[in-house]
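Chemist: need a structure here:
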Amino acid sequence: MNYSIPIILLSCLFFSCADKQEEATKPNILFILSDDHTSQSWGIYGGVLEDYVQNKNIKRIATNGAKLNNVFCTNSICVPSRASILTGQYSHRNNIYTLSDALEPDSMNIAKVFQKNGYQTALFGKWHLKKQPAGFDDFLVLPGQGVYNNPILRTAANWPKGKEYQGFSTDVITDLSINWLKKRNSEQPFLLMTHFKATHEPFEYPERFASLYENEEIPEPETLYDFGPETTGRSFIGQKVEVLEKRWQAAVNDPKFWTNYPGLPFNNKGLDSIQLRKAIYQKFVKDFMRCGAAIDDNIGKLLNYLEESGLAENTVVIYTADQGYFLGEHGFFDKRLIYEESLRMPFVIQYPKEIKGGSTIDDIILNIDFAALFADYAGIKQPSFIQGESFRENLKGETPKNWRKDAYYRYWLHRTERPAHFGIRNNRYKLAFFYGQPLDMSGAMKQTTTPAWEFYDLEKDPNETHNAIDDEQYQTIIKEMKNRLQELREEIGDTDEQYPIMKEIIKENWNL
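Modeler: Residues are numbered from 1 along each chain as shown. Have a look, this model is predicted:
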């Protein structure tokens, strides 16, 4: 009698079941990303807004897992930061430098890797990388920046026209994500990216939050009444909150203005410069927090679904923002700069199987590390195209001895009020070189600025109100950091070899 056939069949059945069991035990990943939802507005990082923001579900993730204090973007603007998250690469490597650049569908990204390794992949919400997403089994994405109310979302079948979905965008994107979770193949693990448009300008919010903060005065940041570089020694003007007020007026007067804002018209009659800034701040920050309240609300819906469906225990849940944002600090709004409010990415994560609830992580993490972390959780060997490193051990409280001690940053989209610059930040000090050149960047201003250095002692000067570049007490540290900055640029391959003008500027201004 020939027993070989039944044995072969049993073996096939065994290995097939084993493969399915292995797939089932691989963790799911839910990556929730918002736009500009800066750490000052989360309420878990302290600050003047701590007692005002709606954050029970952000707190819920932090309580169930970990809060990360030192996560930084490598280029603080939407398109490049999102590209770095997906590719695990710095801007000079993935060629996404400015708002005008596109992620080519044939570029490698972490979703493609997951697709090839047995994961279902999906993306809902803001994409902002111009061309059709690649690596996702399913997607519905906003065209460009998209709109808050009744958003149009595109999928492969109706690209580029898209389809309108009724409701507030944050609610719509969450509902689409949950519907996908309900219909997915439950025998495969998933990578789901839920990307909110909120809290990007114009900071709109659903009607249910319209009366939030209505009769309250919100506390102001210490540096709100910084009106220029004269008192701080910084080298540029920056984008003042008064620019936002001018946009409000333009939205009222010009029907073709690029957007509209909630709560207009804004009354500026009879206000002096101090009163005007105070009034702008109050409207701005209230709108921002109302918009943020809708995010927290929808994070709760996602967490509830995971718990009710039995998925929570085996799902890594991350909530972060693509960069920071100025909420009146230094008198600024928007982002782009190496200053803390712009540089820092708030970040919470839960994974009950590994991360101890209520953990706090102080290690320096970069957005180029996210893709490596995803791969690590999925049991996938880190792809060679990723420049970052997995911080899975850090999250367990076991930081590798050779973990980075400093972060490299570069902003390429030059304008005279916010010059192009690169720099380095370690646990205490920050050094930045504002080289002020457009180079060949799309959308950059052609007018150059005078190269300038800035240095801050973040322990003594956490608000970065004193540029200490010429202070005698720091000269040895500054020299060491200039050397380290040069080393870092060489290590990651951002050497400006293709720009002769940069070689000249660096030679003239390095002063080692």
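Chemist: tell me the contacts of the nearest residue to Lys112 once chain neighbours are set aside?
Modeler: Take Lys112 and drop its neighbours on the chain: the residue closest to it by CB to CB, 6 or more residues apart in numbering is Gly135, 3.6 Å away. Heads up, the C-betas are built off the backbone N, CA and C, glycines and all. Shown here is Gly135, whose contacts under the criterion CB atoms under 8 Å, 6 or more residues apart in numbering are Asn109, Ile110, Ala111, Lys112, Val113, Phe114, Gln115, Thr121.
Chemist: try Ala407
Modeler: Applying CB under 8 Å, 6+ apart, the residues near Ala407 are Phe72, Thr74, Ile364, Leu366, Ile424, Arg425, Asn426.
Chemist: which of the three states applies to it?
Modeler: Judged by DSSP: H, G, I helix; E, B strand; the rest coil, the three-state class of Ala407 is strand.
Chemist: show the pLDDT at it.
Modeler: According to the per-residue confidence, Ala407 scores 98 in pLDDT.
Chemist: so which of the contacts of Ala407 sit within strands?
Modeler: Among the contacts of Ala407, the residues falling in strands (DSSP state E) are Phe72, Leu366, Ile424, Arg425, Asn426.
Chemist: looks like the third one contacts Arg410 (just checking).
Modeler: No: in this structure, Ile424 sits apart from Arg410 without contact. The criterion is CB atoms under 8 Å, and the distance is 10.3 Å.
Chemist: what are the bridge partners for Val141, then?
Modeler: Val141 has these beta-bridge partners by DSSP bridges: Gly125, Arg154.
Chemist: go on, Tyr409?
Modeler: Gly423.
Chemist: roughly how far does it sit from Ile477?
Modeler: Here Tyr409 is placed at a distance of 18 Å from Ile477 (CB to CB, to the nearest Å).
Chemist: check Cys291 too.
Modeler: Applying CB to CB, the value for Cys291 to Ile477 is 40 Å.
Chemist: of these two, who's got more company?
Modeler: When Cys291 is set against Ile477 and neighbours are counted by other CB atoms under 10 Å, the residue ahead is Cys291, at 30 against 17.
Chemist: ok, now which ones touch that one?
Modeler: Ala198, Thr199, Phe203, Glu204, Tyr205.
Chemist: is it in a helix, a strand, or coil?
Modeler: Per three-state DSSP, the secondary structure class of Cys291 is helix.
Chemist: how is the chain divided into domains?
Modeler: Taking automatic domain parsing as the reference, the chain has its domains at 29-207+279-406, 414-509.
Chemist: most packed of the ones you listed?
Modeler: Using mean count of other CB atoms under 10 Å, the stretch among these with the largest mean neighbour count is domain 29-207+279-406, at a mean of 20.
Chemist: tell me the secondary structure at the closest residue to Gly146 other than its chain neighbours.
Modeler: Ranked by CB to CB, 6+ apart and with sequence neighbours excluded, the top spatial neighbour of Gly146 is Lys197, at 5.3 Å. When states are read from three-state DSSP, the local structure at Lys197 comes out as coil.
Chemist: hmm, Lys197 is touching Lys126, no?
Modeler: Yes: under the criterion of CB under 8 Å, Lys197 is in contact with Lys126, at a separation of 5.1 Å.
Chemist: shared neighbours of these two, which are they?
Modeler: Taking CB under 8 Å, 6+ apart as the criterion, Lys197 and Lys126 both touch Asp35, Leu142, Gln145, Gly146.
Chemist: just those residues: which has the poorest pLDDT?
Modeler: The lowest pLDDT within the shared contacts of Lys197 and Lys126 belongs to Gln145, which sits at 93.
Chemist: give the contact list for that residue.
Modeler: Taking CB under 8 Å, 6+ apart, we find Gln145 in contact with Lys126, His128, Lys197, His200.
Chemist: now swap in Ile29 and tell me
Modeler: For Ile29, the set of contacting residues under the criterion of CB under 8 Å, 6+ apart consists of Phe190, Leu191, Leu192, Thr315, Val316, Ile318, Phe374, Tyr377, Ala378.
Chemist: mind listing the helices for this protein?
Modeler: 4-25, 56-64, 78-87, 91-94, 110-115, 169-183, 241-253, 273-308, 340-343, 370-377, 392-395, 475-492, 500-509 (DSSP state H).
Chemist: same list (these) but as a markdown table, adding mean pLDDT.
Modeler: Written out in a markdown table, the entries for these read as follows (pLDDT from 0 to 100):
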| stretch | mean pLDDT |
| --- | --- |
| helix 4-25 | 50 |
| helix 56-64 | 98 |
| helix 78-87 | 98 |
| helix 91-94 | 98 |
| helix 110-115 | 98 |
| helix 169-183 | 98 |
| helix 241-253 | 97 |
| helix 273-308 | 98 |
| helix 340-343 | 98 |
| helix 370-377 | 98 |
| helix 392-395 | 98 |
| helix 475-492 | 97 |
| helix 500-509 | 96 |
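Chemist: now Tyr499. Nearest residue, chain neighbours left out?
Modeler: Excluding the flanking residues, the one nearest Tyr499 by CB to CB, 6+ apart is Leu439, at 5.6 Å.
Chemist: who touches the residue nearest the centre of the chain in this structure?
Modeler: In the chain, the C-alpha closest to the average C-alpha coordinate belongs to Asp322, at a distance of 1.2 Å (CA atoms, centre = their mean). Asp322 sits next to Leu33, Ser34, Asp35, Asp36, Cys73, Cys78, Ser81, Arg82, Ile85, Met345, Asn367 when contact means CB under 8 Å, 6+ apart.
Chemist: let me see the contact set for the closest residue to Tyr45 other than its chain neighbours.
Modeler: Once flanking residues are discounted, Tyr45 sits nearest to Ser39: 4.5 Å by CB to CB, 6+ apart. Counting by CB under 8 Å, 6+ apart, Ser39 touches Tyr45, Gly47, Ala321, Gly324, Glu341, Arg344, Met345, Pro346.
Chemist: from what I see, Glu354 and Gly397 are in contact.
Modeler: No: at 10.2 Å, Glu354 does not count as touching Gly397 under the criterion of CB under 8 Å.
Chemist: do you know how far Met193 is from Ile424?
Modeler: Met193 sits 30 Å away from Ile424, taking CB to CB as the criterion.
Chemist: oops, could you answer that again for Leu343 instead?
Modeler: Here Leu343 is placed at a distance of 11 Å from Ile424 (CB to CB).
Chemist: could you tell me which residues touch both of these two?
Modeler: Joint contacts of Leu343 and Ile424 (CB under 8 Å, 6+ apart) are Tyr409.
Chemist: now the domains of the chain in CSV, with distance to Glu214?
Modeler: Shown next, in CSV, are the domains of the chain (distance: least, CB to CB, whole Å):
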stretch, distance to Glu214
domain 29-207+279-406, 8
domain 414-509, 30
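Chemist: I appreciate the help and will end here.
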